[in-house]
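Peer 1: Provided below for reference: sequence and predicted model.
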Amino acid sequence: VHGLEGEGDNVYGVSEFVRGRSLRQALRDAGLPPEEAARMLRGIAEALAAAHAGGVVHRDLKPENVLLTESGGVKLVDFGLARILGPSGDDRTRSQLTRSGVVLGTPGYMAPEQLRAEAVDARADVFAWGVVAFETATGRPPFGDDHAAAVLARVLEDQVDLAPVRAGGHHALAPVIERCLQKLPAARFGSGAELLSALDPRPDTSLDRGRRDTPSRPAPAGPPPDPVRWWRVHQGVVALVCVLSLWPLSMVGGADPLARPTFFAALAAAVVVVSLRLNYWFLSG
């Protein structure tokens, strides 16, 4: 928003004009390839992170409110249902229009607590991001698009199957979407910033053009050190030392009456130690 102006009794906001199309239009046309979809979803997460950092909860994230610019940018728009959190994270500063007990939002994209007309925070936007991400990856919303009552019931009760997301080539997104769509707010990412952190390090499909054009570093010459391999070597060395320690005892002459009992006692100890070491080796596999 660039300004708030008045003309007579009329007050209006001046906002940016964005050349492009909405995500809804893009999904209706032909969808988005995995690379563009990953970059777009990360752009939405960046917008949410900025809003949440300012104490603003959007509350109506959906494909219609995401604009894809002609230059490849992402704009999150329509903050008409947004709510401003108080300094302590509560909702005392929200307007009378958005008071508790009033269900505002779009069915299928609202979090369960939002459907129950409870006070919501940034985690409701995280839930909506998961819905948008699922729809972007599969071409259909996770809770269906039929009768509104049926959709709302699924949001409240049904767990989402992430198999279609993985089948569409979005394996890296699947666990992130799964956490976003948890019924309990505490089980989701706490804010857009946490969601953004979960999307990093970005997979190759979400890298921007500048990073794609940057030559990659050469791969290391060999595999990284394997601590388990050296642990196994340690087990083998100890077992070998135990066996070799029996050799001096076996050379003791028969004149010493304690020689043979000492040898057999050492042999028994060596058998126990070697057996344990080899067992540890086996279990490590």
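Peer 2: On my side now, so go ahead.

Peer 1: Output the below-cut-off pLDDT ranges for this protein.
Peer 2: 86-105, 201-228, 249-250, 252-259, 284-285 (pLDDT under 70).

Peer 1: For it, which segments are assigned as strands?
Peer 2: Secondary structure of the chain (DSSP state E): strands at 3-7, 10-14, 20-22, 56-57, 66-69, 74-76, 83-84.

Peer 1: start to end distance for stretch 18-35?
Peer 2: Across stretch 18-35, the terminal residues are separated by 22 Å (Cα to Cα, to the nearest Å).

Peer 1: Identify the residues contacting it?
Peer 2: 37, 40, 62-70, 75, 77, 132, 135-136, 139, 168-170, 205-206 (Cβ atoms under 8 Å, 6 or more residues apart in numbering). The C-beta positions use only the backbone N, C-alpha and C, and glycine is treated the same way.

Peer 1: 6 Å instead, please
Peer 2: Residues outside stretch 18-35 that contact it (Cβ atoms under 6 Å, 6 or more residues apart in numbering): 63-64, 66-70, 75, 139, 169, 205.

Peer 1: Same question for stretch 165-177.
Peer 2: Under Cβ under 6 Å, 6+ apart, the answer for stretch 165-177 is 34, 130, 133-134, 137-138, 162, 198, 203.

Peer 1: rewinding a little: quick one, which of the strands of the chain is packed in tightest?
Peer 2: Mean neighbour count (mean count of other Cβ atoms under 10 Å) peaks for strand 56-57 among the strands of the chain, with a mean of 22.

Peer 1: Let's have the contacts of stretch 18-35 in CSV, adding distance to residue 180.
Peer 2: Below are those laid out as CSV (distance: Cβ to Cβ, whole Å):
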residue, distance to residue 180
63, 16
64, 19
66, 16
67, 21
68, 21
69, 25
70, 29
75, 21
139, 18
169, 19
205, 19
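
Peer 1: what's around residue 183, how many residues?
Peer 2: For residue 183, the neighbour count with other Cβ atoms under 10 Å is 15.

Peer 1: Would you quantify the distance from residue 195 to residue 245?
Peer 2: Taking Cβ to Cβ, to the nearest Å as the measure, residue 195 falls 59 Å from residue 245.

Peer 1: Those two: which has the busier surroundings?
Peer 2: Neighbours per residue (other Cβ under 10 Å) separate residue 195 from residue 245, with residue 195 holding more: 29 against 13.

Peer 1: Need the nearest residue in space to the more buried one, chain neighbours excluded.
Peer 2: residue 189 (4.4 Å; Cβ to Cβ, 6 or more residues apart in numbering).

Peer 1: so that neighbour touches residue 124, yeah?
Peer 2: No: contact criterion Cβ atoms under 6 Å: residue 189 and residue 124 do not qualify, at 11.6 Å.

Peer 1: Tell me how many other residues surround the residue nearest to residue 195.
Peer 2: With other Cβ under 10 Å as criterion, residue 189 counts 26.

Peer 1: What values do phi and psi take at it?
Peer 2: Backbone dihedrals for residue 189, given as degrees, to the nearest 10, come out at phi -70, psi 140.

Peer 1: all numbers from here: first residue = 12
Peer 2: Right, with 12 as the first residue, what we last looked at is residue 200.

Peer 1: ranges for the helices of this structure?
Peer 2: 34-40, 45-64, 123-126, 133-149, 159-168, 174-178, 184-191, 203-209, 220-224, 238-255, 257-261, 270-295 (DSSP state H).

Peer 1: Now tabulate these in TSV and tack on distance to residue 18.
Peer 2: What follows is the helices of the chain, written out as TSV (distance: least, Cβ to Cβ, whole Å):
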stretch	distance to residue 18
helix 34-40	32
helix 45-64	29
helix 123-126	36
helix 133-149	34
helix 159-168	38
helix 174-178	48
helix 184-191	42
helix 203-209	36
helix 220-224	43
helix 238-255	72
helix 257-261	101
helix 270-295	77
